[in-house]
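Chemist: model the structure of this input:
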Amino acid sequence: MGTFIQLVIDGLSTGSIYAALALAIVLVNQATGLINFAQGGMAVLSAYVAYQFLQWGLPLILAIIASVIVSFFLGAVIERFLMRRFERGDPDTAIVVTVGLLTLITGVCAWIWSYNNLLFPSLFPLDSIPILGASVSVRSIGTTLVILAIMVLLQVLFVGTKLGLALRAVAINPQSASYSGLPVGRLLMVGWGLAAILGAVAGALVAPSLTLTPGMMDGALVYALAAVILGGLSSPVGVVVAAWMIGVLENLAAVYVPFIGHDLKIAVPFVLIFVVLIVRPQGLFGRKVVVRV
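Modeler: As a prediction, this is how the structure comes out:
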């Protein structure tokens, strides 16, 4: 039982990292209608910015807050001067642009900070606490609680605030939103800025576990996209639940299913995607799109 509980909690912690990126992808999609494949690279850049502030002598909390602020403005600038040229054009072109942006950001990080593994301090203590016979790290619990809080805030933003409703209106029909008096350009910048903040949080959470490298979020981005497909692009709660499912089931399958083990556990989310797409194509928590003709 102790092993099972430890696997579940560690899976929730790992899934929370996937959830942070997945929430950022959902936020950009809700604001612009695009899928941002560069989200992992933006998270890595935010982590490097926090690392640089640490090198300049700032305490860890202040360094992360500073990187969050920088990330918000970086996301807004990327939307204003790059993505806006492609947002209302061919979606395939916009996707290629985000992939190119991911490559560019990774290269810039390697050019400035090199490909060497850099140590990034943890936001949470490295101690462990006993829970029902399992020794669970405080980092795992703290990571899960942070993502839970962000999920609640995003759900409140989209459903219960004028800003969230305005972001959704712009994504659905920017022309009508403009006729209604909404500042479409500024709202698009805010959407990308908020997504960049979520990327900064993800980078700060994952860097202490993996060490800081330009490609540290590549694997997490794949899992985040899987969580988006499973949970549904229209549901922040859904993508978090899906990310937690992926993290937990992957851990359990690696230990309790002999033919999977640690080598094949990456196949778990793709099997889940296959099943969900057959049964419920809009995702577990997504809304079915109805088109009137």
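Chemist: tell me how far Leu126 lies from Arg139.
Modeler: Leu126 sits 7 Å away from Arg139 when distances are taken as C-beta to C-beta, to the nearest Å. (C-beta placed from N, C-alpha, C; glycine too.)
Chemist: what's the following helix or strand after the longest helix anywhere in the chain?
Modeler: Counting by DSSP state H, the longest helix found in the chain is helix 2-32. Downstream of helix 2-32, the first helix or strand assigned by DSSP states H and E is helix 39-55.
Chemist: relative to helix 2-32, how tilted is that next one?
Modeler: Calculated by axes from the mean of the first three to the mean of the last three C-alpha atoms, to 10 degrees, helix 39-55 forms an angle of 100 degrees with helix 2-32.
Chemist: could you list every helix and strand that helix 39-55 packs against?
Modeler: The contact analysis (3 or more C-beta pairs under 8 Å, 6 or more residues apart in numbering; DSSP states H and E) places helix 39-55 against helix 2-32, helix 60-81, helix 91-113, helix 184-210, helix 218-231.
Chemist: which of the residues in that helix are buried?
Modeler: 39-54 (16 or more other C-beta atoms under 10 Å).
Chemist: CA atoms of that helix as PDB?
Modeler: Coordinates of each C-alpha in helix 39-55 appear next as PDB, following Å, rounded to 0.1, in the frame of the first residue of the first chain:
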ATOM      1  CA  GLN A  39       5.200  26.800 -25.100                       C
ATOM      2  CA  GLY A  40       7.800  24.400 -23.900                       C
ATOM      3  CA  GLY A  41      10.600  26.600 -25.200                       C
ATOM      4  CA  MET A  42       9.100  29.700 -23.600                       C
ATOM      5  CA  ALA A  43       9.000  27.800 -20.300                       C
ATOM      6  CA  VAL A  44      12.700  27.000 -20.700                       C
ATOM      7  CA  LEU A  45      13.600  30.600 -21.500                       C
ATOM      8  CA  SER A  46      11.700  31.700 -18.400                       C
ATOM      9  CA  ALA A  47      13.600  29.200 -16.200                       C
ATOM     10  CA  TYR A  48      16.900  30.600 -17.600                       C
ATOM     11  CA  VAL A  49      15.800  34.100 -16.900                       C
ATOM     12  CA  ALA A  50      15.100  33.100 -13.300                       C
ATOM     13  CA  TYR A  51      18.500  31.400 -13.200                       C
ATOM     14  CA  GLN A  52      20.200  34.600 -14.400                       C
ATOM     15  CA  PHE A  53      18.400  36.600 -11.700                       C
ATOM     16  CA  LEU A  54      19.700  34.100  -9.100                       C
ATOM     17  CA  GLN A  55      23.200  34.600 -10.500                       C
END
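Chemist: now it against helix 91-113, angle please.
Modeler: Using the same axes, to 10 degrees: helix 39-55 against helix 91-113 is 20 degrees.
Chemist: between helix 39-55 and helix 60-81, how big is the angle?
Modeler: 140 degrees.
Chemist: end to end, how far does stretch 228-236 reach?
Modeler: 9 Å (C-alpha to C-alpha, to the nearest Å).
Chemist: mind checking how far it is from the chain centre?
Modeler: 12 Å (C-alpha atoms, centre = their mean, to the nearest Å).
Chemist: which other residues reach that stretch?
Modeler: 22-23, 25-27, 29-30, 35, 151, 154-155, 158, 237-243, 245-246, 269, 272-273, 276-277, 282-287 (C-beta atoms under 8 Å, 6 or more residues apart in numbering).
Chemist: so for it, what gets flagged as buried?
Modeler: Val228, Ile229, Leu230, Gly231, Gly232, Leu233, Ser234, Ser235, Pro236.
Chemist: where does the stretch 1-150 of the chain dip in pLDDT?
Modeler: Within the stretch 1-150 of the chain, the stretches with pLDDT under 70 are 1, 87-89.
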